[in-house]
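# Structure for this input, please:
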Amino acid sequence: MAKKFRKLMAVLLGAAVLAGSVPAAPLVAFADNEIETPEIVIADIEPVGNVVTLDGNGGKLEDGRTVVTVPFTEDDVLGTVIEDVGIFENGDLWKIGWATSPDGADAESAYSIHPVAGQTYYAIWGRPVEVTFDGNGAPLYDEIGEFSEETSFVQTVVEGSKLRMYNSLSWKFDPPHKNFVGWALTEDATEPDDDAVFTEGMTVYAVWEYRHYTVVLDANGGYFGDKSVTTFETGAEYGKTLEKLPSANPTSNKKGQVFKGWYYDQFCKKPIGMELSEFSPREWTKLFAGYKSDGTMVSKITLSKKSATILVGKSGTLTATVTPKTALNKELTWTSSNKNIATVSAKGVVKGIAPGTVTITAKAKDGSCVKATCKLTVNVKYVYECSKSGVYRYTTDTSVVKKLRSSGWSYRKAFRAPGLSSQKVYYIYNKTTKRYRYTNNLTYAKKMKAAGHKVGTAFYQATSRTVPVYELSKGSKRVTYYYTTSAKVRKQMQAEGWKETGIAWYAQPK
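Numbering: from 1, shown residues only. Okay, here's the model as predicted:
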């Protein structure tokens, strides 16, 4: 308000000075460097330039004035100009709007009028009357913003005002898929009676039209005619089919693919289920082209397993079936997501390298980008420690563990070992002491075998040599052997009289 007041003062004062109505007084300087100007009285100054006159036309402002002249800018509408003046009132009458003549023939809302310099605008008055606004079948919002069973409401309006001045009341109705056009005097009207005027007790009816929805066709990796044209825009009124269709189906950028149909999603999971010429949109819609193989390219690869497990050092084969059988190039590229865990050959032979999980992928070489995957888990074998009456035995064979358990042996998972490696761990069963000993020393194993003791392969040792398994022994004639990777256990057993003889083999890291 203060800003507009300063604007008004500037216009009035500037106009007066330019017109010579107010003399430009000299400035007077004082000792304290303050500058003072003479008082200027502007009460009787008439504004010039972009001004309009507001005539109450029987109404008056709070201060009693019935006519006032006010300035405006190019960006103003009459409503914002009037805000700086005040409210015109006329007894029990309500304001219809403003017009360029007292009879109100062209009366409009002040906020829809762009003022013209020098024009006089007259307030137009009418008495308040009640009329019924009928949604013409559309439900009415209730007090909590939900649809009710009512389809009309009564509203007080100004008699003589035009129906279109109350178009904003349409917000109380919101029928699906329809837009408000205006108010009409009859229920079956297809066009609004915008310039008809309200009278007491009348009913006006909403006129609706179906909404128009845009449909965007996305070639989805293809093109329409020209390779630079990847989308096609069309649309339709609700309940009707598309207004225009592309001259031809889109062409895929990928070799060996032909158009299949239209889908609601980019990944072609939800087909529209009809021809495009039959499609009727219910909202703004984007459809995506789907493609299929023409029979010369790979469309699908099926692996013998979607998930598999293999031991470190072991190998297995994944087989792939290529569809269709008529594909011209059925060659595949095999890859492993981590060669440090598992490798795969050009023929699908996988080999476990270290514990972990990898993805084995078979991808078509024909450029179709079709692929299939298998989740491969690489495990290691557990070396079980079985014991009874001071005798220790180590094995990865679960059937042996089960047999020993049935004979009263206890057991635990002691170490990890690869399923296969280039280095063996040998067991030596001493026929005299009836005790087991384990070693990776082939020379010693052969020597003991030559002496008549039972010798064989117990399991395999890790080639990384990161987890040493230490051998401890106790006794002289009937020696017992124990194996551990724990420094704490070694120290404790040495305190109990066990002798550490060195590293027996290397376990697989956890």
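
# show me where the stretch 1-150 of the chain has helices.
Remark: helices assigned in the stretch 1-150 of the chain by DSSP state H, counting those that start in this stretch are 2-19, 78-83.

# Quick one: list the elements packing against the shortest one.
Packed against helix 78-83 by the contact rule (3 or more Cβ pairs under 8 Å, 6 or more residues apart in numbering; DSSP states H and E) you find strand 51-55. In this view, the C-beta of every residue, glycine as well, is placed from N, C-alpha and C.

# neighbouring strands for the strand it packs on, and are they parallel or not?
Here strand 51-55 has these sheet partners by DSSP bridges: strand 67-71 (antiparallel), strand 120-126 (parallel).

# possible to save those as JSON lines with mean neighbour count?
Output for the strands paired with strand 51-55, formatted as JSON lines (neighbours: other Cβ atoms under 10 Å):
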{"stretch": "strand 67-71", "mean neighbour count": "17"}
{"stretch": "strand 120-126", "mean neighbour count": "22"}
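
# between these, which gets nearest to Thr395?
strand 67-71 (104.5 Å; Cβ to Cβ).

# Columns mean pLDDT and distance to Lys286 on top of the strands paired with strand 51-55, output as CSV?
Formatted as CSV, the strands paired with strand 51-55 follow (pLDDT from 0 to 100; distance: least, Cβ to Cβ, whole Å):
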stretch, mean pLDDT, distance to Lys286
strand 67-71, 96, 51
strand 120-126, 97, 49
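
# quick one: which of those strands is nearest Arg211?
Using Cβ to Cβ, the nearest of the strands paired with strand 51-55 to Arg211 is strand 120-126, at 34.6 Å.

# isn't there a strand covering Arg164?
No: going by DSSP: H, G, I helix; E, B strand; the rest coil, the assignment for Arg164 is helix, not a strand.

# Skipping its backbone neighbours, what lies nearest it in space?
Closest residue to Arg164 apart from its sequence neighbours, by Cβ to Cβ, 6 or more residues apart in numbering: Asp194 at 4.0 Å.

# what ranges do the strands span in the stretch 1-150 of the chain?
28-29, 35-36, 51-55, 67-71, 94-99, 120-126, 128-134 (DSSP state E, counting those that start in this stretch).

# elements contacting the last one?
Spelled out, it's strand 128-134. Against strand 128-134 (3+ Cβ pairs under 8 Å, 6+ apart) you get strand 152-158, strand 203-210.

# and it, which residues are buried?
Judged by neighbour count (16 or more other Cβ atoms under 10 Å), strand 128-134 contains these buried residues: Val129, Val131, Phe133, Asp134.

# Switch the residues you listed over to a markdown table; also include pLDDT and distance to Ile301.
Shown next, in a markdown table, are these (pLDDT from 0 to 100; distance: Cβ to Cβ, whole Å):
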| residue | pLDDT | distance to Ile301 |
| --- | --- | --- |
| Val129 | 97 | 78 |
| Val131 | 98 | 72 |
| Phe133 | 97 | 65 |
| Asp134 | 97 | 64 |
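
# Mind putting those into a markdown table with distance to Ser422?
Below are the buried residues of strand 128-134 laid out as a markdown table (distance: Cβ to Cβ, whole Å):
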| residue | distance to Ser422 |
| --- | --- |
| Val129 | 104 |
| Val131 | 99 |
| Phe133 | 92 |
| Asp134 | 92 |
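
# which one among those gets closest to Ser473?
Comparing the buried residues of strand 128-134 against Ser473 with Cβ to Cβ places Phe133 closest, at 103.7 Å.

# which ones are touching that closest one?
Residues near Phe133 by Cβ atoms under 8 Å, 6 or more residues apart in numbering: Ser152, Phe153, Val154, Gln155, Tyr166, Leu169, Lys172, Trp183, Thr203, Val204, Ala206.

# Can you tell me which of the residues you listed is nearest Thr361?
Taking Cβ to Cβ as the measure, Thr361 sits nearest to Lys172 out of those, at 59.8 Å.

# I figured the closest one was touching Ser152, is that so?
No: judged on Cβ atoms under 8 Å, Lys172 makes no contact with Ser152 at a distance of 9.7 Å.

# Correct me if wrong: Thr132 contacts Glu150.
No: using Cβ under 8 Å as the test, Thr132 is too far from Glu150 to be in contact (11.3 Å).
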